[in-house]
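> curious how this folds, go ahead:
(3 chains)
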Amino acid sequence: MKVPAPRDEAELLARAEALAGRRLAEVAADHVFAVPEHLRRHKGWIGQLVEAALGATAGSRAEPDFPHLGVELKTLPVDETGKVTQSTFVCSAQLDGSMARTWEECWVRKKLARVLWVPIVGDGPPGERLIGTPLLWSPDPEEDAVLRADWEEHAHLIGTGQLWQVNARRGQVLQVRPKAANASDLTWTLDEEGEEVRENPRGFYLRARFTRGILERHFF
DNA sequence: CTTTGATCATAC
DNA sequence: GTATGATCAAAG
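Here you go, the predicted structure:
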């Protein structure tokens, strides 16, 4: 079943709400997706399935899932009580000096400007997991402020060649972690002297605490 | 139980 | 190599 792109936010949200309560195996059957026994070798399976079910324009392009709506789709793994259990990847970090200089123009802020969060309940076999109640969200002023503070700290260190000081312990809600096929995957970055050196690619992630707070504030 | 650092699949 | 989609698994 091929789903056309949603016309507007209301249609997108309505579709997502219609999926709530369904098992992933049912949704997969509708869209001719094979259901893996576990996600060990299929880590992006849930996200891709939900994209198909909602009519996202799939692909590896650097734009929102719904370009005409400016909406990004993120699945959120939660336990039976609705608590988010994992961090959420936002975007990769530009280590080569081409990173945005201000929060206003950075990728993190653009990506998080409008997000459709779709909770996925359970950690058992993927097909048995349930789709939860979706939430169409934008950061409120407090959330934007804390994200900005974290981003500016990371951006400053990366921009001044101090990547070695950046690890996952930094950032209240936005952290920087490896993002690669494996630890031997290297990209170029600049050290403190401006010399090109090889480093592991990194990405920006939202701590589970942050996304947990978003769901709690809206549903409890 | 939670978090950090590492890893998996796929398209281009 | 870059991007998309994330979860795994060891360590705290």
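
> pLDDT wise, what is the residue located most distally from the centre of chain A at?
Distance from the C-alpha centroid of chain A, by Cα atoms, centre = their mean, peaks at A:Glu193 (33.0 Å). Model confidence at A:Glu193, expressed as pLDDT, equals 93.

> in contact with the residue nearest to it when sequence neighbours are not counted, which residues?
Excluding the flanking residues, the one nearest A:Glu193 by Cβ to Cβ, 6 or more residues apart in numbering is A:Gly161, at 7.2 Å. Every residue, glycine included, has its C-beta placed from N, CA and C. Contacts here follow Cβ atoms under 8 Å, 6 or more residues apart in numbering; on that basis A:Gly161 touches A:Thr189, A:Leu190, A:Asp191, A:Glu192, A:Glu193, A:Gly194.

> do A:Asp96 as well
Contact analysis of A:Asp96 by Cβ under 8 Å, 6+ apart lists A:Thr187, A:Trp188, A:Thr189, A:Leu190.

> pLDDT below threshold where in chain A?
By pLDDT under 70, the low-scoring segments of chain A are A:58-60.

> summarise which helices and strands the longest helix anywhere in it is packed against.
Counting residues, the longest helix in chain A under DSSP state H turns out to be helix A:141-159. Counting contacts by 3 or more Cβ pairs under 8 Å, 6 or more residues apart in numbering; DSSP states H and E, helix A:141-159 packs against helix A:107-112, strand A:174-178.

> could I get those as JSON lines with distance to DNA strand B and mean neighbour count?
Shown next, in JSON lines, are the helices and strands packed on helix A:141-159 (distance: least, Cβ to the nearest atom of the strand, whole Å; neighbours: other Cβ atoms under 10 Å):
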{"stretch": "helix A:107-112", "distance to DNA strand B": "17", "mean neighbour count": "19"}
{"stretch": "strand A:174-178", "distance to DNA strand B": "4", "mean neighbour count": "20"}
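
> can I get the ones you listed in JSON lines with distance to A:Tyr205?
Output for the helices and strands packed on helix A:141-159, formatted as JSON lines (distance: least, Cβ to Cβ, whole Å):
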{"stretch": "helix A:107-112", "distance to A:Tyr205": "10"}
{"stretch": "strand A:174-178", "distance to A:Tyr205": "5"}
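
> report the beta-bridge partners for the nearest residue to A:Asn200 once chain neighbours are set aside.
Counting by Cβ to Cβ, 6+ apart, A:Asn200 lies nearest to A:Pro178, which is 5.1 Å off, once chain neighbours are set aside. Bridge pairing for A:Pro178 (DSSP bridges) gives the partners A:Arg202.

> pull up the gap between A:Pro178 and A:Cys106, please.
Computed as Cβ to Cβ, to the nearest Å, the A:Pro178 to A:Cys106 distance reads 20 Å.

> on the three-state scheme, the residue lying closest to A:Pro67 once chain neighbours are set aside is what?
Leaving aside its chain neighbours, A:Pro67 sits nearest to A:Thr57 (6.6 Å; criterion: Cβ to Cβ, 6+ apart). With DSSP: H, G, I helix; E, B strand; the rest coil as the basis, A:Thr57 sits in coil.
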